[in-house]
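Colleague: Here is the input, now give the coordinates:
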Amino acid sequence: MQPIQAPYPATRLRRLRQNAGIRGLVRENHLSAADFIWPVFVRDGEGIVEEIPAMPGVMRRSVDKIVDVAIEARDLGIGAICLFPYTGLEERTEDCAGAWDPENHVNRAIRAIKAAVPELVVMTDVALDTYNINGHDGFVVDGQIINDRTVDALVKMSVEQARAGADIIGPSDMMDGRIGAIRAALEAEDFQNVMILSYAAKYASAFYGPFRDAVGASGALTGDKKTYQMDPANSDEALRLVARDLGEGADMVMVKPGLPYLDICRRVKDTFGAPTFAYQVSGEYSMIKAAAAQGMIDEDRVMMESLMAFKRAGCDGILTYFAPAAAKLLQS
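Modeller: Residues are numbered from 1 along each chain as shown. Below you'll find the predicted structure:
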């Protein structure tokens with residue numbers, strides 16, 4: 001649509017920017033706490049709240065302390081949290097059986113949250129990396145990531161999370177065919193209302209470094225993930241992946257990382273019109289925190305500007321470690 005406007009001085013575009021009230025009236029995009037999914041790290045043990053050195057202000061918590069996060073999220077108006085497990089090397093195996101153990105700390109955390117704050121939406125991560133001694137999202141055989149055997153394991157993992165009470169399953173592994181297999185299993189097990197938010201366009205990015213420290217994967221990973229995560233140079237491929245996952249039964253799709261891939265967010269939303277999310281990943285978060293700590297930027301203003309960028313790019317929601325801080329600012 002081509003805008004129609006009279007020539008200057010009949011049109012003075014600054015009229016619509018002259019004070020806060022006018023700017024608010026004509027603002028095109030709006031941010032609220034309901035737009036956020038808060039990623040939270042859960043670990044074994046009791047009474048544990050420990051800061052992650054690479055992510056200032058972000059904590060790992062034991063299951064009993066995760067309930068406090070759920071209550072805080074509800075009180076701040078944040079609609080959902082996403083659980084990620086921290087596992088030490090001693091807990092990891094080549095068969096990754098801990099991933100679908102009904103008593104692993106993610107499944108126990110889901111049950112605890114649902115008992116305390118049943119209205120809060122709980123999302124989970126579905127990938128083998130945090131249970132795999134090799135640190136990969138799939139099984140490794142002779143240096144190769146085995147797709148179909150991995151999908152079978154992801155199905156078992158997803159069903160156990162649904163049994164524990166998860167509302168949204170988040171496959172982040174980038175294996176081929178996993179959305180269709182998970183959807184079929186959820187239907188067969190009578191979990192028709194459990195949603196799938198697919199990491200449909202997940203790039204092999206250098207922005208994930210602090211996250212791998214957060215989940216204990218940095219020392220475990222052998223090689224890289226370039227055979228299954230996307231090449232950062234590609235954008236048309238992202239559309240093919242999103243189309244595939246929607247066609248297999250995904251309810252929502254995600255682009256990851258976020259800010260470096262806003263062009264992908266916009267293309268996905270414009271092409272498919274499906275609920276589209278982005279993940280403001282650990283590297284993005286830690287860069288803002290580090291620059292703010294050095295006095296180079298205003299942390300709150302940059303945080304809010306970065307979050308608004310996702311809305312402007314067409315995202316319906318954002319996974320962000322800034323969720324509680326941003327929600328508090330929005331309440332003020």
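Colleague: ok now do residue 184, which residues does it touch?
Modeller: Applying C-beta atoms under 8 Å, 6 or more residues apart in numbering to residue 184 gives the contacts residue 249. Yep, even glycine has a C-beta here, placed from its N, CA and C like the rest.
Colleague: mind listing the helices for the stretch 151-300 of the chain?
Modeller: For the stretch 151-300 of the chain, the helices defined by DSSP state H, counting those that start in this stretch cover 178-188, 209-214, 236-248, 262-272, 282-293, 299-312.
Colleague: Looking at those helices, which is nearest to residue 110?
Modeller: Of all those, helix 178-188 sits nearest to residue 110, with 15.1 Å by C-beta to C-beta.
Colleague: Identify each buried residue in that closest one, please.
Modeller: By neighbour count with 16 or more other C-beta atoms under 10 Å, helix 178-188 contains the buried residues 178-183, 185-186.
Colleague: beta partners of residue 50?
Modeller: residue 60 (DSSP bridges).
Colleague: what comes up buried for stretch 111-124?
Modeller: Buried residues in stretch 111-124 (16+ other C-beta under 10 Å): 111-114, 117, 120-124.
Colleague: what residues does it touch?
Modeller: Stretch 111-124 has contacts (C-beta under 8 Å, 6+ apart) with 37, 63-64, 66-67, 70-71, 73-74, 79-83, 106, 110, 161, 164-170, 197.
Colleague: Equivalent analysis for stretch 263-272, please.
Modeller: If you take C-beta under 8 Å, 6+ apart as the criterion, stretch 263-272 is touched by 200-201, 235, 238-239, 242-243, 246, 253, 255, 258, 274, 276, 278, 310, 313-315.
Colleague: Please type out the PyMOL selection for whichever of the residues you listed turn out to be buried.
Modeller: Listed next is the PyMOL selection for buried residues among those, using 16+ other C-beta under 10 Å:
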select buried, resi 200+201+238+239+242+243+246+253+255+258+274+276+278+310+313+314+315
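Colleague: that older thread, and of the buried residues of helix 178-188, the nearest to residue 262?
Modeller: residue 179 (23.9 Å).
Colleague: contacting residues around the closest one?
Modeller: Residues near residue 179 by C-beta under 8 Å, 6+ apart: 171, 196, 198, 244-245, 248-250.
Colleague: Just give the nearest non-adjacent residue to it, would you?
Modeller: Setting aside the residues directly before and after it, residue 179 is nearest to residue 248 in space (C-beta to C-beta, 6 or more residues apart in numbering), at 3.9 Å.
Colleague: if we can go back for a sec, and which of the buried residues of helix 178-188 is nearest to residue 304?
Modeller: Top of the list for closeness to residue 304, among the buried residues of helix 178-188 and by C-beta to C-beta, is residue 179 at 33.1 Å.
Colleague: ok so residue 66 is a strand residue?
Modeller: No - counting by DSSP: H, G, I helix; E, B strand; the rest coil, residue 66 falls outside a strand, being helix.
Colleague: roughly how far apart are the closest residue to it other than its chain neighbours and residue 276?
Modeller: Nearest in space to residue 66, with sequence neighbours left out and distances taken as C-beta to C-beta, 6+ apart, is residue 109 at 4.7 Å. Look at residue 109 and residue 276: by C-beta to C-beta, to the nearest Å, they are 27 Å apart.
Colleague: which of the contacts of stretch 111-124 count as buried?
Modeller: Members of the contacts of stretch 111-124 classed as buried by 16+ other C-beta under 10 Å are 37, 63, 66-67, 70, 73-74, 79-83, 106, 110, 161, 164-170, 197.
Colleague: From the buried residues of stretch 111-124, which land in helices?
Modeller: The members of the buried residues of stretch 111-124 that map onto helices under DSSP state H are 111-114.
Colleague: Let me know the closest of these to residue 144.
Modeller: residue 111 (36.1 Å).
Colleague: and the gap between the closest one and residue 277?
Modeller: Per C-beta to C-beta, residue 111 is found 25 Å from residue 277.
Colleague: so residue 71 is in which element?
Modeller: Using DSSP states H and E, residue 71 falls within helix 63-76.
Colleague: what does that helix contact?
Modeller: 33, 38, 40, 42, 44, 46-49, 61, 80-81, 83, 105, 108-109, 112-113, 116-117, 119-120, 323-324, 327-328, 331.
Colleague: just checking, which of those residues belong to helices?
Modeller: Using DSSP H, 105, 108-109, 112-113, 116, 323-324, 327-328, 331 are the members of the contacts of helix 63-76 that sit in helices.
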